[in-house]
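[1] How does the following fold in three dimensions:
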Amino acid sequence: MKWLRTLAVFVGLFCHAPQAAQSPSPTVGESIYRQGVLASGAPLQGTREVGSLGLAGADAACVNCHRRSGLGSHEGTITIPPVTGEYLFRARGIAAQEPMLHGYGNTLGSRDPYTDATLARAIREGLDSEGRPLNPLMPRFALDDAGMGDLIGYLKTLGTRPMRGVTATVLHFATVITPDADPAKRQGMLDVLRQYLVEINSAPFGPSQRPRAGKTSSGTSISLGQRHWQLHLWELTGPAAGWRQQLDQDFAREPVMALLSGVGGAVWGPVHDFCESAELPCLFPNVEVPTVANGDFYSLYFSKGVLLEAGLIARQVSASLKGKAGGTVLQIYRAGDSGEAAAKALTEALQGRGIEVRSKMLPANPPGTGLGQALHRAVSTDALVLWLRPPDLAQLGEAPAALPAVFLSGLMGGLEQAPLPASWRAHARMTYPVDLPDRRMVRVDYPRGWFSLRHIPVVALQTQADTYLACGILTETLGHAGDVTDPPYLVELVQESLDHRILTGYYPRLTLATGQTLASKGGYLVRFADPSGPRLVADGDWTVP
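    Okay, here's the model as predicted:
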């Protein structure tokens, strides 16, 4: 049960007494807190008085419940309090002056502040600062003195760094546009962002919402949700190798609290890596090839993009060729486009399954170049995968008589507006990593109405709807943040808020559990219902590959 696991890890940070003669090592303390790994490389071990379940390694890490920020969380009716140094060591009675801590009742006023020794006892023995038993579901951990010192030293650093780009009255955001971004998406995204900021700033004292958790450096400051928003445009130029330097310079010149939306082309990795390195939240950029890596935290995406599409195709191809000796897949893409990364992902997904994957890379442009010759090779394969844009799809011509199963990228091809010739429609299955048109109609009509009333031209509907959605998520998140300006906490609040959203735009559901960066995980395989027109029929249910 989730709540049981939550309480189990709740004590992930209660381990062994510190050694006063040594200086705490932030690296080791961070490893214990976040990964459940000791200085020796051995997994952290925990035992519980209730039941027989034990915890080890990542399952025992403090971050699972207290989160990266250390500001705690809520699991149903269970409140997991902060474990930052400011919270643990604060003197009795201070809580009444700290509105951001009221979400935890009068916890600070009902116990003595911890010392290093009593905190170590709590971690080892499950007794609070006054010797009272902590929740029995909370594991007890055995750390040596050095490990305990490292962990407590790390707790003292949590929540101590103010968020950049935040003043007493202004929140600074940036949006990033790469040089290979689609011009229509660029304009559509900027139109939505700029109009949204005009409106959010016209009513700076909107409806207040109760803060969920956290701390404040000033009980009299106005909440984040009531401050003015200022947008900075960071347009990258030149080859991707030089983007990191440009981003560093932009950030130094214009400190911001987060990147909001943005548009990328076939390459986004340097922006993602910059955000992870700078510990800068990057909220839902419009990209087809997001970077997905274990341990990443600050970059959040609506979808895995073409990499998700590759997973959907790999799943279907594997199922259709199951039991058949061999099997060959031909995929076609253009150099420098998103299909290049998608083709690589599909090849990796099918490796080891006895399926041969052949890839044909066409010149970057113009559309149609080399396409006919590449298609001649398709008749001898079991499946043909087209990672192509609408101009190429429109030039496919008549389908060969012996055409195999055909798959095409919905994101690259234009979803239901893909200009696939009639003779291809009977053979083709399109990946569709968003909700079906009739099911998302009401959710997408809402932003469309907003665009219409504000005379915003609809030039790239999904990009504009996703940008509007990202702005709405941020607005809701800031309404719960009070005046906590801790970068990890902003990401954590975004993760919390998604589960409660009704308006999710193109996506049937958005959710981000701890450690996840992709809010929508699945998609459909669809086919066109008619020789012409946009009507689609799903081959099956929503699938998470």
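
[2] how about the strands in the stretch 151-300 of the chain?
    170-177, 228-235, 258-260, 282-283, 299-300 (DSSP state E, counting those that start in this stretch).

[3] who wins for proximity to residue 134 among those strands?
    Among these, strand 299-300 comes nearest to residue 134, with 32.9 Å by CB to CB. Every residue, glycine included, has its C-beta placed from N, CA and C.

[4] gap between residue 543 and residue 312?
    6 Å (CB to CB, to the nearest Å).

[5] list residues touching both of the two?
    Applying CB atoms under 8 Å, 6 or more residues apart in numbering, one finds that residue 543 and residue 312 are jointly contacted by 523-525.

[6] quick one: which of those is most hemmed in?
    For the shared contacts of residue 543 and residue 312, the largest number of neighbours (other CB atoms under 10 Å) sits with residue 523, at 26 neighbours.

[7] Surely that one touches residue 308?
    Yes. Using CB atoms under 8 Å, residue 523 is in contact with residue 308, at 6.0 Å.

[8] shared neighbours of those two, anything?
    431, 433.

[9] circling back: now render the strands of the stretch 151-300 of the chain as JSON lines, adding mean pLDDT and distance to residue 457.
    Listed next are the strands of the stretch 151-300 of the chain as JSON lines, based on pLDDT from 0 to 100; distance: least, CB to CB, whole Å:
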{"stretch": "strand 170-177", "mean pLDDT": "97", "distance to residue 457": "18"}
{"stretch": "strand 228-235", "mean pLDDT": "97", "distance to residue 457": "19"}
{"stretch": "strand 258-260", "mean pLDDT": "98", "distance to residue 457": "21"}
{"stretch": "strand 282-283", "mean pLDDT": "98", "distance to residue 457": "24"}
{"stretch": "strand 299-300", "mean pLDDT": "98", "distance to residue 457": "28"}
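
[10] Could you dump those into TSV with distance to residue 66 and mean neighbour count added?
    As requested, these are arranged in TSV below (distance: least, CB to CB, whole Å; neighbours: other CB atoms under 10 Å):
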stretch	distance to residue 66	mean neighbour count
strand 170-177	26	22
strand 228-235	30	17
strand 258-260	22	26
strand 282-283	23	24
strand 299-300	20	26
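
[11] ok, of the shared contacts of residue 543 and residue 312, which one's closest to residue 330?
    Nearest to residue 330, judged by CB to CB, of the shared contacts of residue 543 and residue 312 is residue 525 at 18.2 Å.

[12] what secondary structure does the closest one sit in?
    Assigned with DSSP: H, G, I helix; E, B strand; the rest coil, residue 525 falls in the strand class.

[13] Correct me if wrong: it contacts residue 539.
    Yes. Between residue 525 and residue 539 there is a contact at 4.5 Å, judged by CB under 8 Å.

[14] what's the overlap in contacts for these two?
    residue 429.

[15] now residue 531: how far from residue 425?
    From residue 531 to residue 425 the distance is 6 Å (CB to CB).

[16] Can I get the strands of the stretch 151-300 of the chain in JSON lines including distance to residue 149?
    Formatted as JSON lines, these follow (distance: least, CB to CB, whole Å):
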{"stretch": "strand 170-177", "distance to residue 149": "37"}
{"stretch": "strand 228-235", "distance to residue 149": "41"}
{"stretch": "strand 258-260", "distance to residue 149": "34"}
{"stretch": "strand 282-283", "distance to residue 149": "34"}
{"stretch": "strand 299-300", "distance to residue 149": "33"}
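
[17] out of these, nearest to residue 334?
    Of all these, strand 170-177 comes closest under CB to CB, at 21.3 Å.

[18] quick revisit: which among the strands of the stretch 151-300 of the chain is found nearest to residue 272?
    Short answer: strand 299-300, nearest of these by CB to CB, at 5.0 Å.

[19] packing partners for the closest one?
    helix 269-278, strand 282-283, helix 487-498 (3 or more CB pairs under 8 Å, 6 or more residues apart in numbering; DSSP states H and E).

[20] distance of residue 404 from residue 376?
    13 Å.

[21] quick one, strands of the stretch 1-150 of the chain?
    Under DSSP E, counting those that start in this stretch, the stretch 1-150 of the chain gives strands at 45-47, 55-56, 73-75, 78-80, 140-141.

[22] Make TSV out of these and add distance to residue 34 and mean pLDDT.
    Shown next, in TSV, are those (distance: least, CB to CB, whole Å; pLDDT from 0 to 100):
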stretch	distance to residue 34	mean pLDDT
strand 45-47	15	85
strand 55-56	15	88
strand 73-75	15	74
strand 78-80	16	77
strand 140-141	15	86
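
[23] The spatially closest residue to residue 392 that is not a sequence neighbour in helix, strand or coil?
    Leaving aside its chain neighbours, residue 392 sits nearest to residue 367 (5.0 Å; criterion: CB to CB, 6 or more residues apart in numbering). Secondary structure assignment for residue 367 (three-state DSSP): coil.

[24] again, but for the one 5 residues further on
    Secondary structure for residue 372, judged by three-state DSSP, is helix.

[25] That one and residue 178, how far apart?
    Counting by CB to CB, the gap from residue 372 to residue 178 is 31 Å.

[26] Most tightly packed of the strands of the stretch 1-150 of the chain?
    Across those, averaging neighbours per residue (mean count of other CB atoms under 10 Å) puts strand 140-141 on top, at a mean of 22.

[27] Just checking: what are the partner strands of that one?
    Paired neighbours of strand 140-141 in the sheet (DSSP bridges): strand 45-47 (antiparallel).

[28] and residue 241, how many residues sit next to it?
    With other CB under 10 Å as criterion, residue 241 counts 8.

[29] from here on, count from 22
    Will do, 22 is the new start, and the previous item becomes residue 262.

[30] residue contacts, it?
    Here residue 262 is in contact with residue 291 (criterion: CB under 8 Å, 6+ apart).

[31] Could you tell me the per-residue confidence at it?
    At residue 262, the pLDDT value in this model is 97.

[32] Residue 168 now?
    Model confidence at residue 168 (pLDDT) stands at 93.

[33] Chain neighbours aside, what residue packs nearest to residue 359?
    residue 309 (4.2 Å).

[34] thought the one you found was touching residue 330?
    No. Between residue 309 and residue 330 there is no contact under CB under 8 Å: 9.1 Å.

[35] which of these two has more neighbours?
    The neighbour comparison of residue 309 against residue 330 (other CB under 10 Å) goes to residue 330, with 32 against 23.

[36] Check which helix or strand the more buried one maps to.
    Assessed by DSSP states H and E, residue 330 sits inside helix 327-341.

[37] Please apply the same query to residue 473.
    helix 458-474.

[38] which other helices and strands contact that helix?
    Helix 458-474 packs on helix 482-501, going by 3+ CB pairs under 8 Å, 6+ apart.
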